[in-house]
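Enquirer: let me see the structure of the following:
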Amino acid sequence: MNAYIKHKIDHNAHRLLTSIKWVIFSILSGLIVGLVATAFFFAMQSVTETRLAHPWLILLLPAGGVLIVACYKVLHDEHDTGTNLVLSAIHSGEEIPLRMAPLIFISTLITHLFGGSAGREGAALQLGGSIGNSLGRLFRFDEKDQHIMIMSGMSAAFSALFGTPMAAAIFSMEVVSVGIMHYSALVPCVVSSLVAHGVALFFGVSQEMFPINDVPAFTISSSVKLTILAICCALVSILFCIMLHGCEVLYKKYIKNPYLRAAAGGCIIIILTILVGNQSYNGTGIAIIEKCIDGTVRPEAFFVKMLFTALTLGAGFKGGEIVPSFFIGASFGCLFGNMIGFSPTMCTAVGMTAVFCGVTNCPITSLLISFELFGYDGMPFFLLAIAFSYMLSGYFGLYKSQKIIYSKFKTNYINKQTH
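Expert: Just a heads-up that it's a prediction; the model follows:
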């Protein structure tokens with residue numbers, strides 16, 4: 001009996017010490033990554049304002065692409081796979097070099113300064129994953145605990161940069177293996193996400209919010225309309241993934257030299273920008289999302305953004321795919337709402353979250369991000385649309401290293417990578 005009690009006491013003491021360890025290190029991760037992500041936010045804001053004030057900077061985009069390739073070459077990281085490497089590190093224990101953090105920081109700024117079409121959250125995931133992994137190595141964590149530190153860093157960076165701590169906490173656990181959740185990382189991801197969010201707010205990082213003032217009634221008619229929108233968004237998300245991966249393959253097939261590839265990609269973006277007549281599709285496109293919320297959108301906007309982003313990232317420029325997916329979903333949703341005469345604002349919000357879900361295969365994160373961006377009043381619409389988009393987007397995804405553990409259609413273990 002005494003041995004049993006001693007065993008229980010030792011077991012509970014171990015759990016308590018483990019909990020304390022993760023609280024301490026997730027706070028540390030949240031502070032460090034939060035500071036880096038906050039600096040990245042203001043740097044991104046600065047380069048975007050500079051580009052908008054000096055539109056001619058886009059003419060230097062080919063040179064910017066060459067500079068990015070040179071930076072990766074100098075640091076012997078020319079085969080960098082970006083966010084895919086971060087996800088692979090959690091699956092297989094691959095090392096994430098600390099140099100990934102400054103490389104993605106600088107190269108994303110170069111991309112945005114000269115008018116490449118990309119987001120910022122992809123860069124945040126790489127920043128957070130790199131720093132989190134380095135902290136794990138510094139304190140000699142074993143391989144499994146290093147994986148948790150990577151997820152903790154990813155959550156912290158996403159939260160600080162985008163201002164959605166709930167979604168950020170869950171995203172890094174959900175995106176790695178679709179069909180299962182790494183709940184062992186729940187406390188570290190939640191704590192680091194909230195700490196990083198607090199750091200960002202302390203320094204004045206503004207949270208993205210798109211309030212919906214007039215939410216339509218959830219009726220059979222409105223639910224059918226939003227279901228049709230969700231099905232269309234699933235198809236749009238598949239098209240976006242095909243274009244992203246397809247452009248990269250075509251660039252590499254026809255232009256073997258990475259310097260020429262980046263320069264050619266920059267020239268193509270310049271030509272497309274001149275044809276469009278403005279720089280609405282360069283950079284992240286947050287301003288266009290705000291217009292979509294007001295019900296204003298050009299019919300071709302969603303496809304043009306897909307083209308700009310695929311051609312930018314495929315050529316070797318750096319950035320993220322998440323904000324572009326928001327742009328694509330918002331503009332498509334707004335177009336759909338205007339076409340059928342049903343609340344373009346609500347369709348914009350639903351389109352954003354449905355396309356995000358389709359390209360990331362993260363339904364829980366998508367639902368949480370809809371609450372943090374748009375409030376809870378539209379919950380039935382978001383819930384319905386995200387469910388259909390998740391199921392019908394199939395096994396496509398932004399990240400080739402993402403694994404689909406269980407089938408979306410049956411309770412079958414499939415363990416396959418996205419395509």
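
Enquirer: contacts and neighbour counts: CA atoms only from here.
Expert: Fine.

Enquirer: spatially central residue in the chain, please.
Expert: For the chain, the residue nearest the mean C-alpha position is residue 322 (3.8 Å; C-alpha atoms, centre = their mean).

Enquirer: got a list of what it touches?
Expert: Listed by C-alpha atoms under 8 Å, 6 or more residues apart in numbering, the contact set of residue 322 reads 119-122, 356.

Enquirer: just the pLDDT for it.
Expert: The predicted structure scores residue 322 at 90 on the pLDDT scale.

Enquirer: kindly report the same for residue 349.
Expert: Confidence at residue 349, expressed as pLDDT, is 96.

Enquirer: how about the nearest residue to it, chain neighbours excluded?
Expert: Closest residue to residue 349 in three dimensions, ignoring its sequence neighbours and counting by C-alpha to C-alpha, 6 or more residues apart in numbering: residue 330, at 6.3 Å.

Enquirer: in the chain, which spans are strands?
Expert: If DSSP state E is used as the criterion, the strands of the chain fall at 177-178, 403-406, 413-417.

Enquirer: quick revisit: got a quick PyMOL command for the buried subset of the contacts of residue 322?
Expert: Those of these that count as buried under 16 or more other C-alpha atoms under 10 Å are selected in PyMOL with:
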select buried, resi 119+120+121+122+356
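
Enquirer: dump the contacts of residue 322 to CSV, plus pLDDT and distance to residue 346.
Expert: Output for the contacts of residue 322, formatted as CSV (pLDDT from 0 to 100; distance: C-alpha to C-alpha, whole Å):
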residue, pLDDT, distance to residue 346
119, 88, 23
120, 83, 25
121, 77, 24
122, 77, 26
356, 97, 15
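
Enquirer: most widely separated two among the contacts of residue 322?
Expert: Comparing all pairs in the contacts of residue 322 by C-alpha to C-alpha, the longest separation belongs to 120 and 356, at 14.4 Å.

Enquirer: show me what the helix or strand bottoming out on mean pLDDT in the chain is packed against.
Expert: For the chain, scoring each helix and strand by mean pLDDT, DSSP states H and E identifies helix 83-92 as the least confident one, at a mean of 80. Using 3 or more C-alpha pairs under 8 Å, 6 or more residues apart in numbering; DSSP states H and E as the contact criterion, the neighbours of helix 83-92 among helices and strands are helix 121-138, helix 143-162.

Enquirer: tell me the gap between the shortest one and the middle of its chain.
Expert: The offset between the C-alpha centroid of helix 121-138 and the centroid of the whole chain comes to 14 Å, using C-alpha atoms, centre = their mean, to the nearest Å.

Enquirer: and the pLDDT for residue 9?
Expert: Note for residue 9: predicted pLDDT of 68.

Enquirer: what about the helices in the stretch 1-150 of the chain?
Expert: Counting by DSSP state H, counting those that start in this stretch, one finds helices in the stretch 1-150 of the chain at the ranges 2-53, 61-74, 83-92, 100-113, 121-138, 143-162.

Enquirer: which parts of the shortest one are buried?
Expert: I take that to be helix 83-92. Of the residues in helix 83-92, those buried by neighbour count under the rule 16+ other C-alpha under 10 Å are 83-91.

Enquirer: pick the one among the residues you listed closest to residue 183.
Expert: Looking at these and their distance to residue 183, the nearest is residue 90, at 13.7 Å (C-alpha to C-alpha).

Enquirer: was I right about that closest one contacting residue 174?
Expert: No: the criterion here is C-alpha atoms under 8 Å, and residue 90 misses it with residue 174 at 12.0 Å.

Enquirer: can you count the residues close to residue 400?
Expert: Each residue near residue 400 was counted by other C-alpha atoms under 10 Å, and the total is 17.

Enquirer: now do residue 338
Expert: Burial measure for residue 338: 18 neighbouring residues, criterion other C-alpha under 10 Å.

Enquirer: tell me which residues touch it, please.
Expert: For residue 338, the residues meeting the contact criterion (C-alpha under 8 Å, 6+ apart) are 295, 344.

Enquirer: ok, now which ones touch residue 352?
Expert: Counting by C-alpha under 8 Å, 6+ apart, residue 352 makes contact with 325-330, 333.

Enquirer: wait, I meant residue 165
Expert: Contacts for residue 165 were tallied using C-alpha under 8 Å, 6+ apart; they are 155, 158-159, 190, 193-194, 197.

Enquirer: chain neighbours aside, what residue packs nearest to it?
Expert: Nearest residue to residue 165, sequence neighbours excluded (C-alpha to C-alpha, 6+ apart): residue 159, at 4.7 Å.

Enquirer: and that neighbour, what does it touch?
Expert: With contact set as C-alpha under 8 Å, 6+ apart, residue 159 has these partners: 165, 167-169, 193-194, 196-197.

Enquirer: tell me the pLDDT at it?
Expert: Reported pLDDT at residue 159 in the predicted model: 95.

Enquirer: go ahead and confirm the residue nearest to residue 349 touches residue 289.
Expert: Yes: in this structure residue 330 lies within contact range of residue 289 using C-alpha under 8 Å: 6.1 Å.

Enquirer: who's more crowded, the two?
Expert: Set side by side, residue 330 and residue 289 show more neighbours around residue 330, with 34 against 26, by other C-alpha under 10 Å.

Enquirer: okay, that one: pLDDT?
Expert: In this model, residue 330 is scored at 96, pLDDT.

Enquirer: what does the one 4 residues further on give?
Expert: You'll see residue 334 listed with a pLDDT of 96.

Enquirer: quick one: it from residue 252, how far?
Expert: Noted for residue 334: a distance of 35 Å to residue 252, by C-alpha to C-alpha, to the nearest Å.
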